[in-house]
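**Q** Generate a structure from the sequence data that follows.
(one chain, ligands or ions: 1)
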Amino acid sequence: MLTVDGITMRFGGITALDGVGFAVEQGTAVGLIGPNGAGKTTLFNCLTRRCTPDEGTVRYEGEDLLSVPPHAVAGYGIARTFQNLGLFQHLTVRENVMVGAHHRGRTGYLAAALRLPRVRREEARLHSLAQELLRRLDLADVADHPASDLPFGTLKRVELARALAVEPRLLLLDEPVNGLSHGEVEVFADLIRAVREDFDLTLVVVEHHMGFVMGLCDRVVCLDFGRTIADGPPEQVQRDPAVIEAYLGAAA
Ligand SMILES: Nc1ncnc2c1ncn2[C@@H]1O[C@H](COP(=O)(O)OP(=O)(O)OP(=O)(O)O)[C@@H](O)[C@H]1O
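**A** Now for the predicted structure:
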């Protein structure tokens, strides 16, 4: 279970988040929505330890996540994808996925330097994990291509494979369908639903595409001006007058 409580984050005179709280039960998918500037990215950055809030707590499986340094978050079974893809363009697809796998590597530097047998066993395990993910996400044919050669839609799958290589229980998706065509969104939504099931994932998704959020998430949290204005099942949040007003106000 992920519990976010009383998160407040200020940038100079701007209060980006103002006492935001919600909980994500293990195995559920929660969508974070809200008009531009509502505070979604700032909240996501607090969850992924890219920033530290001024006030509040974030706990995952009882651990105080705010005391965990950003590079150690993967060790707690938490992975993320990036809005603008967090891939290494000059590396191959397979190497990018292996980068994810190594975030979760369980061997220390000394053991790795000495190439102890357990290091070799761990390397072999990570290679076969990467191979399985490449197959599962239909990337086997492009495994040895540099990322820079591939279309955006394929890179989205590489990004997902890299995150899954961390062997997460909790996966945080930052605008996963941003930049995809209408048809690609539906295919990617099916893929996310399938991997969620296969890997028994808990999901937190920041996304502007309402159809995607409503079709994937069990619960939706809507932010506006740094505050939670709705939290409930997708159909309920979609009909909530405060949510409609926030979006219409943003469009006006
Ligand atoms: N590093 C920063 N310095 C100053 N202000 C910031 C910073 N990051 C965010 N803000 C401000 O905090 C508020 C929330 O921004 P945030 O990017 O979290 O919103 P958002 O809901 O993700 O918006 P969008 O949907 O446009 O990505 C905005 O007023 C924004 O200008």
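**Q** Low-confidence stretches in the stretch 151-252 of the chain?
**A** Scanning the stretch 151-252 of the chain for pLDDT under 70 picks out 250-252.
**Q** Got the phi and psi for Asp149?
**A** Main-chain dihedrals, Asp149, degrees, to the nearest 10: phi -80, psi -10.
**Q** and Ala165, how far is that from the ligand?
**A** Look at Ala165 and the ligand: by C-beta to the nearest ligand atom, to the nearest Å, they are 27 Å apart. Every C-beta, even on glycine, is put in place using the N, C-alpha and C of the backbone.
**Q** Check Ala38 too.
**A** 4 Å.
**Q** give me the number of residues near that residue?
**A** 23 (other C-beta atoms under 10 Å).
**Q** distance between the ends of stretch 234-243?
**A** One end of stretch 234-243 sits 11 Å from the other (C-alpha to C-alpha, to the nearest Å).
**Q** buried residues in that stretch?
**A** Of the residues in stretch 234-243, Pro234, Val237, Gln238, Asp240, Val243 count as buried by neighbour count, 16 or more other C-beta atoms under 10 Å.
**Q** which among the residues you listed are in contact with the ligand?
**A** Filtering the buried residues of stretch 234-243 for proximity to the ligand by C-beta under 6 Å from any ligand atom leaves nothing.
**Q** would you turn the residues you listed into a markdown table with secondary structure?
**A** Formatted as a markdown table, these follow (DSSP: H, G, I helix; E, B strand; the rest coil):
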| residue | secondary structure |
| --- | --- |
| Pro234 | helix |
| Val237 | helix |
| Gln238 | helix |
| Asp240 | coil |
| Val243 | helix |
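**Q** quick check, nearest of those to the ligand?
**A** Val243 (13.7 Å; C-beta to the nearest ligand atom).
**Q** can you point me to the longest helix in the chain?
**A** helix 117-136 (DSSP state H).
**Q** For the helix or strand Glu245 falls within, name the packing helices and strands.
**A** In this assignment (DSSP states H and E), Glu245 forms part of helix 241-251. With contacts defined as 3 or more C-beta pairs under 8 Å, 6 or more residues apart in numbering; DSSP states H and E, helix 241-251 has these neighbours: strand 219-224, strand 227-232.
**Q** 10 Å - rerun?
**A** Helix 241-251 sits against strand 29-33, strand 219-224, strand 227-232, helix 234-239, with contacts defined as 3 or more C-beta pairs under 10 Å, 6 or more residues apart in numbering; DSSP states H and E.
**Q** What's the first helix or strand after the longest helix of the chain?
**A** Next helix or strand after helix 117-136 toward the C-terminus (DSSP H and E): helix 152-164.
**Q** for that next one, which positions count as buried?
**A** Quick answer for helix 152-164 (16+ other C-beta under 10 Å): Thr154, Leu155, Lys156, Arg157, Val158, Glu159, Leu160, Ala161, Arg162, Ala163, Leu164.
**Q** any idea how far the last one is from Asp18?
**A** To tie it back to what came earlier, the one meant is Leu164. The spacing between Leu164 and Asp18, counted by C-beta to C-beta, to the nearest Å, is 34 Å.
**Q** swap in the second one?
**A** To Asp18, Leu155 is 35 Å away according to C-beta to C-beta.
**Q** The fifth one now?
**A** According to C-beta to C-beta, Val158 and Asp18 sit 37 Å apart.
**Q** ok, the residue nearest the centre of the chain - contacts?
**A** With distances taken as C-alpha atoms, centre = their mean, Leu172 lies nearest the centre of the chain, 1.9 Å away. If you count contacts by C-beta atoms under 10 Å, 6 or more residues apart in numbering, Leu172 has them with 2, 32, 44, 47-48, 73, 78-82, 163, 202-206.
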